[in-house]
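> predicted model and sequence below, questions to follow.
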Amino acid sequence: MRTSWGRWSAAGLVAGFAGLAASYFVAMVLTTRDSPVTAVAELVTRLTPGPLVERAIRILGRHDKQFLLLVILVLSALLFAWAGRLARRSWWAPTIVFAVLALLGGVAVSRQRGSGAIDILPIAVGFATWVVCLSLLTEPLHRHERVLAESPPQVPDEPHPSDHTRRTFLLRAGIIVAGATVAGTVGRVVGRGRRHVEEARRLLRLPGVTAPQVPPGVRVGLDGLTPWGTAARDFYRIDTAFVVPTIEPSDWQLRIHGMVDREVVVTYQQLIDRQVTQAWMTLNCVSNPVGGELIGNAWWSGVRIADLLLEAGVQPDADAVLQTSDDGWTCGTPLAALTDDRNAMLAFAMNGRPLPIEHGFPVRTVVPGLYGYVSACKWVVEMKVTRFTDIEAFWTKKGWSELGPVKMSSRIDVPDDGGKVLASGGRVGGMAWSQHTGISAVEISVDDGPWQPAEIGRVPSTDTWVQWSATIDVEPGDHTLAVRATDADGKVQTGEEQDVLPDGATGWHTRSFEATETVDE
Ligand SMILES: Nc1nc2c(c(=O)[nH]1)N[C@H]1C(S)=C(S)[C@@H](COP(=O)(O)O)O[C@H]1N2
Ligand SMILES: [Mo]
């Protein structure tokens, strides 16, 4: 006696739809895309000859897309059931079926316009879910067969050890179905909100916001250097939000209160109607290790916070502003940095476009010279004027420093670690920053030798990073390169190494490289 084929098919079906639900969930939460299944449908439509598509549309009317999705789901169901049956004999046969489906999904997703690495993640999660769920479901079925083979039931109605494995199977199937239903429902709700806000964002027109223009002279002209201006999609992202807040501009407002003479509330429309301030500004994370990449430079457009605080009338003994995000995250910002002459702003655009959702849409704060964790509140909805002694913010509660001025730092981008450079006349280069103080010089040292000046690019203000490059002249062979900067006050970057906690890393960035006599292809 054996388990029925039906059980194996059911195992394949349950695992299959759990995988689809998992990939749908991840796609909805992490991207603004439709599910991978929809991507496959789009691919099919694109690959189908035009006349056939037209005929289908004529026959099916406006339901052609639903029909195609239904066909894909039915075909998937058949494949899933078949994969379940294959699992009876081997683990690898169903795995191959799932792998082929995942590959198909991956191809479909990567053919979509503007797709990136993150769009593959839903497929990977779906595949892992398939494999794990199928093995969870087939394990009791295998056990069931073994128990039956060892001791075939004698009396039909008596309890038998195989009852236990049956219960295990049903229990697991139930849990997986429930989990998949929850994932699918959450994905649907989150996805709808996201796509709605993405649409609102796309349709926004922001008067006074201009496209970024990279100022002349900022580039030192070395291949492999980080671009001076960072594209939004390449801009590092740090936040504690598992699901990013999706806020309709029409629902957004900011409340400025606390130690002020009058509370101020601004809506999105009122904000974008105000005088627009625009500036290049380099933002970086306190968690950026020496040589790290948690830094980017963008063209920000927004409204000066100092003007809003002036309207509110800040009381004399206040020294901090507790900013709160729509997702509950908080940061404490020194009041002085928001009221002095720097371009601390409530930004609504990044690189000439409305803020990307991940970077704080519809409105975030950016403050030159401070690390993000004390200033750059994304999805900001509240500013409470207060005193540092009366508040604790999200990261200061966890041991990070209360004040977070950016520390001067410099980085080598060229060569890569272990890369090759021409021994005589080879060029090296990278980035250096000390926001709101500015960089006056960059130097390099080879093999701990004397510091030699590098060339630095021009910058529009002290609030951005600079590109640097230098030419080397060394013996062929292995070497190390170090870099250090000097700020506009004449202070030289310290070589003393400090970890990122509690207020930012220090130390010189070094790289080992090989000096070669010729450039080999
Ligand atoms: N709402 C919210 N805002 C936030 C954070 C966060 O976790 N939640 N992280 C901050 C930190 S630590 C940094 S470094 C910057 C990063 O901004 P970015 O993701 O746009 O690069 O956002 C800041 N603003
Ligand atoms: Mo950060």
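Sure thing, it's come through. Ligands and ions are numbered 1, 2, ... in the order given.

> chain neighbours aside, what residue packs nearest to the closest residue to ligand 2 within the chain?
Ligand 2 sits closest to Cys285 of the chain, with a gap of 3.2 Å, by CB to the ion. Bear in mind the C-beta positions are built from the backbone N, C-alpha and C, glycine included. Distance criterion CB to CB, 6 or more residues apart in numbering; nearest residue to Cys285, sequence neighbours excluded, is Leu294 at 3.8 Å.

> would you quantify the distance from that neighbour to ligand 1?
Using CB to the nearest ligand atom, to the nearest Å, Leu294 is found at 7 Å from ligand 1.

> look at the residue of the chain most remote from its centre and give its secondary structure.
Within the chain, the residue lying farthest from the chain centre (CA atoms, centre = their mean) is Val155, at 61.0 Å. Going by DSSP: H, G, I helix; E, B strand; the rest coil, the secondary structure assigned to Val155 is coil.

> quick one, helices of this protein?
Along the chain, the stretches classed as helices by DSSP state H are 5-30, 36-47, 50-60, 64-86, 92-110, 121-150, 161-203, 268-272, 305-312, 335-339.

> pick the most buried one from these.
Neighbour counts (mean count of other CB atoms under 10 Å) averaged over each of those peak at helix 5-30, with a mean of 24.

> quick check: angle from it to helix 36-47?
Orientation of helix 5-30 against helix 36-47 (axes from the mean of the first three to the mean of the last three CA atoms, to 10 degrees) gives an angle of 90 degrees.

> helix 5-30 packs against which elements?
If contacts are counted by 3 or more CB pairs under 8 Å, 6 or more residues apart in numbering; DSSP states H and E, helix 5-30 sits against helix 36-47, helix 64-86, helix 92-110, helix 121-150, helix 161-203.

> mean pLDDT lowest for which of the helices of the chain?
When these are ranked by mean pLDDT, helix 50-60 comes last with a mean of 76.

> alpha carbons only: can I get that helix in PDB?
Taking Å, rounded to 0.1, in the frame of the first residue of the first chain, the C-alpha atoms of helix 50-60 are listed here in PDB:
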ATOM      1  CA  GLY A  50       1.100  40.900 -33.500                       C
ATOM      2  CA  PRO A  51      -1.800  39.500 -35.500                       C
ATOM      3  CA  LEU A  52      -2.400  36.700 -32.900                       C
ATOM      4  CA  VAL A  53      -2.400  39.300 -30.100                       C
ATOM      5  CA  GLU A  54      -5.000  41.400 -32.100                       C
ATOM      6  CA  ARG A  55      -7.200  38.300 -32.700                       C
ATOM      7  CA  ALA A  56      -7.000  37.400 -29.000                       C
ATOM      8  CA  ILE A  57      -8.000  41.000 -28.000                       C
ATOM      9  CA  ARG A  58     -10.900  40.900 -30.500                       C
ATOM     10  CA  ILE A  59     -12.200  37.600 -29.100                       C
ATOM     11  CA  LEU A  60     -11.600  38.300 -25.500                       C
END
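
> residues making contact with that helix?
Thr45, Thr48, Asp64, Phe67 (CB atoms under 8 Å, 6 or more residues apart in numbering).

> didn't the residue nearest to Cys285 look like it was pressed against Asn288?
Yes: between Leu294 and Asn288 there is a contact under CB atoms under 8 Å: 3.8 Å.

> intersection of neighbour lists for those two?
With CB under 8 Å, 6+ apart, Leu294 and Asn288 have no common neighbours.
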